[in-house]
Structures are given as structure tokens and as C-alpha cells.
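Visitor: Below: sequence and its predicted model.
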Amino acid sequence: MSVFIKSFYHRVFPARQLLIRQNGEVKHVILAPWLQICVALSILIALTWLAASTLQVYSQTNKISDIEQNQLSKQQQWQQQQSAQQIQHTKQLEQLRILEQKHALLQSMIESLPESISKQNDNVSDSPIKNSEQQSDFHVPLIDESDEKNTSVNNLNSLTVDQRFVALTNSYERSFLQLEVQIEQRQQHILTMLKGAGLDTALAKRLSYATPKAAQGGPLDLFDESKIPMQFLAIADKLLSLNALENFLNELPHALPAADYYISSSYGLRKDPMNGRRAFHKGVDLAGWHKTEIFAPADGIVLRAGRNGGYGNFIELQHKNGFVTRFGHLHKIKVKKGQSITKNDVIGLMGSTGRSTSTHLHYEVLLNGKHVNPVKITKALSRVR
């Protein structure tokens with residue numbers, strides 16, 4: 001083996017002479033085998049180091065490129081998430097605005113409900129408790145309120161924002177539909193009563209006014225109707241119509257104008273108390289104690305106040321919606337012509353002046369110039385109040 005190595009050594013790295021010519025002189029340098037081996041090893045080591053360094057730089061460059069690519073990918077992903085969150089945030093803000101407008105409309109409608117519906121809601125809310133107490137003497141087992149709260153909170157937290165929005169939307173829809181049913185029932189009840197009492201023409205005249213005559217105003221606070229369903233706005237319009245009906249009822253002379261009385265002569269055909277002949281009685285006679293207070297059945301203006309033939313001491317009041325009321329046989333008149341009076345103001349005292357047999361009030365009601373039965377109107381109005 002050693003012979004082979006020596007043979008290879010002498011054959012590959014024999015002693016070599018280098019001739020160097022300089023300034024006309026020739027020199028020679030002998031390269032010994034060991035020097036050749038050292039030079040070869042140095043070159044090999046240099047090439048190895050260069051290759052290793054190149055590989056290391058290439059590897060690091062790839063790692064840096066991978067890191068940059070990863071960071072770029074994460075940045076793009078973060079931007080996409082941020083964009084999605086921004087879109088979701090904008091959507092939630094829009095949903096919140098919609099819910100706020102629905103809540104504001106519902107709250108204003110509840111606060112604007114007429115007293116008749118408010119009382120109905122109070123009675124309905126109380127009835128299940130009363131019924132349950134009547135049906136059973138046993139008490140419901142006590143339930144830990146904290147457990148109920150925790151359960152409701154957990155159920156709420158388990159819902160997504162969209163699910164909560166849908167749940168709230170359905171809740172608002174049920175509330176509006178419930179109001180619609182109550183409004184329509186009340187409105188139909190009033191319209192039926194007015195038609196039965198012959199007051200539908202007065203109502204039609206009232207609703208024909210293009211603009212309100214009463215003094216009105218205040219700061220403008222509009223709803224954003226673009227965020228409220230048309231169905232809910234239609235229900236709100238029905239409530240406005242109902243409130244107009246309720247205001248119409250409040251303006252009517254809905255009570256007979258004496259505190260203590262009995263009806264001594266009804267409206268319509270009767271025998272005249274003076275001569276016994278058949279005659280038409282255009283009003284109703286309310287008998288009572290002498291000097292019983294007579295009050296105004298509704299707001300109005302005094303058209304006439306003084307003596308008026310068979311009426312004796314007489315008062316005539318002009319009310320809204322074409323109504324006129326007349327009061328005869330008064331003992332004393334307490335108002336003057338042109339005076340504005342308010343409902344329940346005392347306008348005179350019961351007496352027996354004019355064509356009268358005894359102390360009483362002759363009371364007439366006219367609608368658009370035609371006499372109507374005061375008792376019929378009073379009874380009809382009492383059924384809807």
C-alpha cells in the first residue's frame with residue numbers, strides 16, 4: 001500500500017523546475033513535491049470554504065425570502081381581516097341605527113296611545129295574575145333569580161350579533177302588530193258609535209280640513225323613515241288617525257249639562273205640557289233643584305245670552321265641528337255674548353223662566369243646523385269613553 005502511495009506521490013507531484021528570466025538573466029526555481037502538496041491543499045481548502053460560504057449565503061437568502069414572504073402574507077391577511085371587521089362594524093352600526101329608529105317610533109307611539117288603549121293594556125297585563133290566583137291556591141316554587149339571570153346571559157352571549165339583530169327585529173315586529181290590532185279595534189269601535197249616533201257627517205267635515213286650525217308648533221324632530229319599514233310607518237299613521245278621532249270625541253258635548261237632575265221630558269214627539277196637543281220637542285228637559293248649576297258640555301263661544309221668548313233666560317253656545325247647544329228657562333245667566341268658555345264652566349243656574357211649568361233646564365243640541373237627540377249622543381259617547 002505504501003509503495004502505491006509513494007508511486008502516486010512521485011508521479012503526481014514530481015520535482016519541478018521553474019525558469020525565470022529577468023534582466024537578461026535566467027534563474028530557475030525548484031518546486032519540491034511537499035510545496036506542491038501544500039499549494040494544492042491550500043487551493044482545495046480555499047475552494048471548499050468558498051463553496052461552503054456560497055451555500056450558507058444561498059441558504060440565508062432563501063430564509064430571508066421566506067420570512068419576507070411570510071410577513072407579506074400575514075400583512076395581507078391582517079389587512080383582509082381589518083377590512084372584514086370594518087365592513088362588519090359598518091353593518092352593525094347600520095343595524096343599530098335601524099333598531100334605534102324602530103325603538104324611538106315604538107316608544108313615541110306607546111306614549112301617544114289614547115287613554116282607552118292604555119287602560120286596556122293595564123287590564124290585560126293584570127288579568128293573567130288574577131286568573132292564576134283564582135284558579136289555584138298553590139304558590140309556584142321559588143326559583144333562584146341569579147340562576148335565571150345567568151341562564152339568560154349565557155343564552156344571550158351564545159347568540160351572534162346577527163342573530164340578536166334578527167331576534168330584536170322580530171320582537172319589534174310583534175310589538176307593532178299588537179299595537180296595530182288594538183288601534184284598529186278602537187278605531188272601528190268609535191266609527192261604529194259615531195255612525196249609530198248620526199255623527200259620521202260631523203266627523204267627515206272635521207277630517208276634510210286641509211290644515212289644523214288650532215295653534216300648534218315646536219322644534220322639528222323627524223324620524224329617519226329610510227330605516228323604518230313602511231309597515232311600521234303605516235301603523236303610526238293609523239295611530240295618528242285614531243288620535244284625531246279621540247280629539248274629535250273630546251270636542252263633542254258628551255254629557256248632559258247638569259250635575260243633579262232627572263229627565264222630565266224626552267226628545268221627540270210628546271203632548272205639550274201647556275195645552276196637551278201633540279208637538280215635537282226639540283230638546284230634553286232636565287228637572288232638578290232650583291238654582292242647580294248648569295255647566296258647559298264642551299269648549300265653545302257664547303253666541304247668545306239673554307231673554308228669548310218661550311225659552312226665558314236663554315244661552316246658546318257654538319262648539320267645534322258644527323255643534324250648537326241651547327239652554328232655556330234659566331234662573332240666572334253667568335256668561336256674556338262673545339265670551340269663550342271651557343268645558344265644565346258654570347254658565348247659569350236652573351230656573352223656570354219663559355214657557356215653563358216648573359224648575360227645569362230645556363237642553364237642545366244642533367248639528368250643522370239640525371236638531372239631534374242629546375240623550376242619544378250622550379249614551380253613544382259614554383260607550384266609547
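Guide: All right, it came through fine.
Visitor: Could you give the number of residues near Leu18?
Guide: 9 (other Cβ atoms under 10 Å). (Each C-beta comes from the backbone N, C-alpha and C, glycine too.)
Visitor: And for Thr357?
Guide: Thr357, neighbours per other Cβ under 10 Å, totals 13.
Visitor: That one: what's it in contact with?
Guide: For Thr357, the contacting residues are 273-274, by Cβ atoms under 8 Å, 6 or more residues apart in numbering.
Visitor: how about it, secondary structure?
Guide: Here Thr357 is recorded as coil under DSSP: H, G, I helix; E, B strand; the rest coil.
Visitor: pLDDT at it, what is it?
Guide: Note for Thr357: predicted pLDDT of 93.
Visitor: how close does it get to Gly288?
Guide: As judged by Cβ to Cβ, to the nearest Å, Thr357 and Gly288 stand 14 Å apart.
Visitor: Tell me which stretches of the stretch 101-250 of the chain form helices.
Guide: Using DSSP state H, counting those that start in this stretch, the helices assigned to the stretch 101-250 of the chain run over residues 115-135, 145-157, 161-196, 200-207, 230-250.
Visitor: What about Glu326, how many residues nearby?
Guide: Actually, residue 326 is Arg. It isn't Glu. Applying other Cβ under 10 Å, we find 20 residues neighbouring Arg326.
Visitor: Just list what the host helix or strand of it packs against, helices and strands only.
Guide: Using DSSP states H and E, Arg326 falls within strand 323-333. The contact analysis (3 or more Cβ pairs under 8 Å, 6 or more residues apart in numbering; DSSP states H and E) places strand 323-333 against strand 300-307, strand 313-318, strand 346-350, strand 360-367.
Visitor: and the helix or strand that the last one is followed by, how far out from the chain's middle?
Guide: Next in sequence after strand 360-367, counting helices and strands by DSSP H and E, comes strand 370-372. Counting by Cα atoms, centre = their mean, to the nearest Å, strand 370-372 is centred 44 Å from the centre of its parent chain.
Visitor: residues in contact with strand 370-372?
Guide: Residues outside strand 370-372 that contact it (Cβ under 8 Å, 6+ apart): 198, 282-283, 364-366.
Visitor: Starting from Tyr262, give me the distance back to the closest residue to Lys291 other than its chain neighbours.
Guide: Nearest residue to Lys291, sequence neighbours excluded (Cβ to Cβ, 6 or more residues apart in numbering): Leu349, at 4.4 Å. Noted for Leu349: a distance of 17 Å to Tyr262, by Cβ to Cβ.
Visitor: and these two? which has more neighbours close in?
Guide: Using other Cβ under 10 Å as the criterion, Leu349 and Tyr262 rank with Leu349 on top: 19 against 10.
Visitor: Partner strands of the helix or strand just after the strand holding Arg326, with direction?
Guide: As assigned by DSSP H and E, the chain's next helix or strand after strand 323-333 is strand 340-341. In the sheet, strand 340-341 lines up against strand 300-307 (antiparallel) (DSSP bridges).
Visitor: Now find how far off-centre the partner strand is within its chain.
Guide: Distance, centroid of strand 300-307 to centroid of chain: 47 Å (Cα atoms, centre = their mean).
Visitor: quick one: contacts of that strand?
Guide: With Cβ under 8 Å, 6+ apart as the contact definition, strand 300-307 has outside contacts at 313-320, 324-325, 333, 335-341, 347, 353-354.
Visitor: Give me the angle between that strand and strand 346-350.
Guide: On the basis of axes from the mean of the first three to the mean of the last three Cα atoms, to 10 degrees, strand 300-307 is oriented at 30 degrees to strand 346-350.
Visitor: okay, the helix or strand where Arg11 lies in CSV with CA atoms only?
Guide: Following DSSP H and E, the helix or strand that holds Arg11 is helix 2-12. Extracted in CSV, the C-alpha atoms of helix 2-12 (Å, rounded to 0.1, in the frame of the first residue of the first chain):
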residue,chain,number,x,y,z
SER,A,2,2.8,2.4,0.9
VAL,A,3,4.5,1.5,-2.4
PHE,A,4,1.4,2.6,-4.3
ILE,A,5,1.1,5.8,-2.3
LYS,A,6,4.8,6.6,-3.0
SER,A,7,4.4,5.8,-6.6
PHE,A,8,1.3,8.1,-6.8
TYR,A,9,3.1,10.8,-4.9
HIS,A,10,6.2,10.8,-7.2
ARG,A,11,4.1,10.6,-10.3
VAL,A,12,1.6,13.4,-9.4
